[in-house]
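> Everything below, folded, please.
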Amino acid sequence: MNKMESFKEADKKALLASTAQQIWASVYSGEAIDKPSLLNRFLLLTFADLKKYHYYYWFLFPALTGTGLTTVNESKRLDNIWSQEQVNGLNQSVDDATRDTELPFFIVHLEDGKPRVAPLSTYDNNPDTIFGFMDPGNTEGVPGWPLRNFLMLLNVKFGLKKAKVISFKYNRKDAAGSTTPLLLDLTLSDFSSFNLDNPPSAVGLEKNHQGKLIPKFLNLASTMDTKQLMENAVDLNLKLMRWRVLPSLDLERVASTKCLILGAGTLGCNLARALMSWGVRNLTFVDSGKVSFSNPVRQTLYTFQDAVDGNYKATAAAAACKAIFPSINATGHVMIIPMPGHPVQEKHEEEHKQILEKLTDLIKEHDVVFLGLDSREARWLPSLLCAVNKKITMNVALGFDTYVVMRHGVPENKLGCYFCNDVMAPRDSLTDRTLDQQCTVTRPGLSFLASSQAVELMVALLHHPDGVAAPAESRGEVGGKGSTELGVCPHQIRGFLTSFDAVLMTGVQYTCCVACSDPILEAYKADPWGFVLSVLNRPDTLEDVSGITKMKEGDADVDVEWDCEEFSDI
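From the prediction side, this is the model:
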């Protein structure tokens, strides 16, 4: 049952009668002789509260009742009647007969004193025939419920009023380890007055452990590891989307995606929360700052105590993720991002070179890189490294009441990167700033909108057959449905909080881009550290290498003459 109410309201007696009717039909037709397992039909009524790990269940074991009582006249251990050799031979014959096939009920033949198990279809009307059944009952000396239906078959199809039946209990072992069967001498109920239109009644509603006719209850939450409980609960919420809405949703791919978050500020924290909501198991933070007292109210992974202790954001963010979701693999790296226009003294060159190597390794090790850094120049080096390694790069930037979310392009789709609209190199914008310029001035809710859309765009991109090379899409091109299960894969999303609106835009790759153009990539590949060091000390290097300097020089020589008569009507 999918709902507790449905479980409670289910007509148990009607379900029992319906299952019993199927058993009676198989007996009356004789089908149960060739397929004796039909006598063991049962019904299990269940409801599982998967969030709480509470399980409610009720077994219905139909046992049909005839006229008069079935009685056990005598019950003896078989080894008190047969020799031990015969008992062992019977055990071996039962094992052989039931190893590769279902044979819950059978006939036991004695040939020259040696027992042999045979199917019910071999019955030859011999009144001294001994029958046998695999007895699931666990009460000493009391046959299990399947015997009643078996005796009904013997009465209806074989016309027997008495029978000798050997019970093989699954859980009864003697000292030697072999099953000790019981031989039962039985008087059978009479079913001659019943037919298909007038079936016999049935009993079989199982009682609970207190002997009451109510469902049994099992609480597994207390027996499970709490971390595993949470992991299962997180997965369940996501799987419900696949079960109910999107059967093709590839949750395993999303969960296994390794995400690198550069910048553990307001955007970085919200990106991490959204990624955890999607079940992402691997997060890495890079930031060089410490938690300040203004941070915890806006940056959702930090607390007042982090500010008091002066904890580094990168490591504090990783620790917070583990506190929220213990199964996550979250790590933090306290390191700066080398930036154009921020010169490197000779004594610090080796340190910056190691930072470049570390950042390069991190980008190579991850599948998706999120740029949530707080300045334009801080985004340059990661953009370059992501372009070199063709990584999925999600760039998120905030204004006061606007935001941009974009995925960087690759040569295959010719989409631009964050710097493709610029005609000047990034430079030092952080030095000599006043207090109001040092703080991020943005409407508080904006980061939640931008970070959530960045994560949703990443998930959609993971479902696109072309992945990082997916072409740009917009609502107009695909009617709002998109090429993935989750909708379109736009290039850029530009949001405006003043109008509570967002537009999808597409930008092409700029041949003179200072971060992803071919001349820049070739210069970096030829001498990674030498090129980066040159840019850090002299940002104009980017304009020289990319071709922007030459373009500007060419534009300066262009003499534009305006014909005023053409604008006379303006």
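
> Can you find the helix or strand of this protein with the lowest average pLDDT?
The helix or strand with the lowest mean pLDDT-type score in the chain, counting by mean pLDDT, DSSP states H and E, is helix 435-438 (a mean of 54).

> C-terminal to that one, which secondary structure element comes first?
Remark: after helix 435-438, the chain's next helix or strand is helix 446-462, criterion DSSP states H and E.

> helices and strands around that next one, which ones?
Contact analysis of helix 446-462 by 3 or more C-beta pairs under 8 Å, 6 or more residues apart in numbering; DSSP states H and E lists helix 251-256, helix 266-277, strand 392-398, strand 402-407, strand 492-496 as its packing neighbours. C-betas here are computed from N, CA, C, even on glycine.

> Generate TSV for these, with mean pLDDT, distance to Glu206 and mean neighbour count as supplementary columns.
TSV is the format used below for the helices and strands packed on helix 446-462 (pLDDT from 0 to 100; distance: least, C-beta to C-beta, whole Å; neighbours: other C-beta atoms under 10 Å):
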stretch	mean pLDDT	distance to Glu206	mean neighbour count
helix 251-256	95	37	14
helix 266-277	97	42	24
strand 392-398	96	55	24
strand 402-407	96	57	23
strand 492-496	95	58	18
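
> okay, the ones you listed in CSV with distance to Gly89 next?
As requested, the helices and strands packed on helix 446-462 are exported to CSV (distance: least, C-beta to C-beta, whole Å):
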stretch, distance to Gly89
helix 251-256, 53
helix 266-277, 64
strand 392-398, 69
strand 402-407, 75
strand 492-496, 79
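
> which one of the ones you listed lies closest to Thr284?
Closest to Thr284 of the helices and strands packed on helix 446-462, according to C-beta to C-beta: helix 266-277, at 10.1 Å.

> which element follows that closest one toward the C-terminus?
Toward the C-terminus, helix 266-277 is succeeded by strand 282-287 as the next helix or strand (DSSP H and E).

> Put the alpha carbons of that next one into PDB.
Only the C-alpha atoms of strand 282-287 are listed here, as PDB (Å, rounded to 0.1, in the frame of the first residue of the first chain):
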ATOM      1  CA  ASN A 282      32.100  15.500  -3.600                       C
ATOM      2  CA  LEU A 283      32.700  19.200  -2.900                       C
ATOM      3  CA  THR A 284      36.000  21.200  -2.700                       C
ATOM      4  CA  PHE A 285      36.200  24.800  -1.500                       C
ATOM      5  CA  VAL A 286      39.100  27.300  -2.300                       C
ATOM      6  CA  ASP A 287      39.200  30.600  -0.500                       C
END
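
> can you pull the contacts of Thr46?
For Thr46, the contacting residues are 1, 7, 55-58, by C-beta atoms under 8 Å, 6 or more residues apart in numbering.

> Can I have the buried ones of the residues you listed as a PyMOL selection?
Buried subset of the contacts of Thr46, written as a PyMOL selection, criterion 16 or more other C-beta atoms under 10 Å:
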select buried, resi 7+55+56+57+58
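
> Determine which residue lies closest to the centroid of this protein.
Nearest to the geometric centre of the chain sits Asp235, at 4.4 Å (C-alpha atoms, centre = their mean).

> What is the distance between the helix or strand hosting that one and the centre of its chain?
Per DSSP H and E: Asp235 is located in helix 226-244. With C-alpha atoms, centre = their mean, to the nearest Å as the basis, helix 226-244 stands 6 Å off its chain's centre.

> do stretch 281-301 as well
In terms of C-alpha atoms, centre = their mean, the centre of stretch 281-301 is found 27 Å from the chain centre.

> how long is it end to end?
The first residue of stretch 281-301 is 17 Å away from its last residue (C-alpha to C-alpha, to the nearest Å).

> for the record, mean pLDDT for that stretch?
For stretch 281-301, mean pLDDT is 96.

> Please identify the buried residues of stretch 234-241?
234, 238.

> Quick one: mean pLDDT over it.
88.

> residues in contact with that stretch?
Residues from elsewhere that reach stretch 234-241 (C-beta under 8 Å, 6+ apart): 50-51, 249, 251, 278-279, 325, 327.

> what's the closest of those residues to Val72?
The nearest one, if we look at these relative to Val72 and count by C-beta to C-beta, is Leu50, at 44.0 Å.

> out of everything not next to it in sequence, what's closest to the closest one?
Leu236 (5.7 Å; C-beta to C-beta, 6 or more residues apart in numbering).

> pLDDT score for Cys417?
On pLDDT, Cys417 comes in at 95.

> so where's the chain shaky on pLDDT?
Residues of the chain meeting the criterion pLDDT under 70: 170-179, 432-440, 476-481, 555-570.

> can I assume Ala264 is in contact with Lys313?
Yes: at 4.1 Å, Ala264 counts as touching Lys313 under the criterion of C-beta atoms under 8 Å.

> Now do the buried residues in stretch 531-539.
Buried residues in stretch 531-539, defined by neighbour count with 16+ other C-beta under 10 Å: 531-536, 539.

> Cross the residues you listed against strands and list the overlap.
Among the buried residues of stretch 531-539, no residue falls in strands (DSSP state E).

> for those, which one is nearest Val423?
Nearest to Val423 among the buried residues of stretch 531-539, with distances taken as C-beta to C-beta, is Pro539, at 13.3 Å.

> can you tell me how far the residue nearest to Leu50 sits from Phe531?
Using C-beta to C-beta, to the nearest Å, we find Leu236 at a distance of 49 Å from Phe531.

> Contacts only, for Phe61.
42, 145, 204, 206.

> Confirm that it sits in a helix.
No: assigned with DSSP: H, G, I helix; E, B strand; the rest coil, Phe61 falls outside any helix and is strand.

> Not counting sequence-adjacent ones, nearest residue to it?
Phe61 sits nearest to Gly204 (C-beta to C-beta, 6+ apart), 4.3 Å away.

> Hmm, that neighbour is touching Arg41, no?
No: using C-beta under 8 Å, Gly204 is not in contact with Arg41; the gap is 10.2 Å.

> For the two, work out which one has more neighbours and name it.
Neighbours were counted for Gly204 and for Arg41 using other C-beta atoms under 10 Å; Gly204 has more, 21 against 17.

> Doesn't that one lie inside a strand?
Yes: counting by three-state DSSP, Gly204 falls inside a strand.

> i'd like the first residue to be 36 from this point on
Sure thing, new numbering starts at 36, so read that last one as Gly239.

> so what's it up against?
Neighbouring residues of Gly239 by C-beta under 8 Å, 6+ apart: 51, 55, 77, 95-98, 180.

> Return the distance of it relative to Leu223.
19 Å.

> what does Met370 give?
Distance, Met370 to Leu223, using C-beta to C-beta: 85 Å.

> These two: which has the busier surroundings?
Set side by side, Met370 and Leu223 show more neighbours around Leu223, with 21 against 16, by other C-beta under 10 Å.
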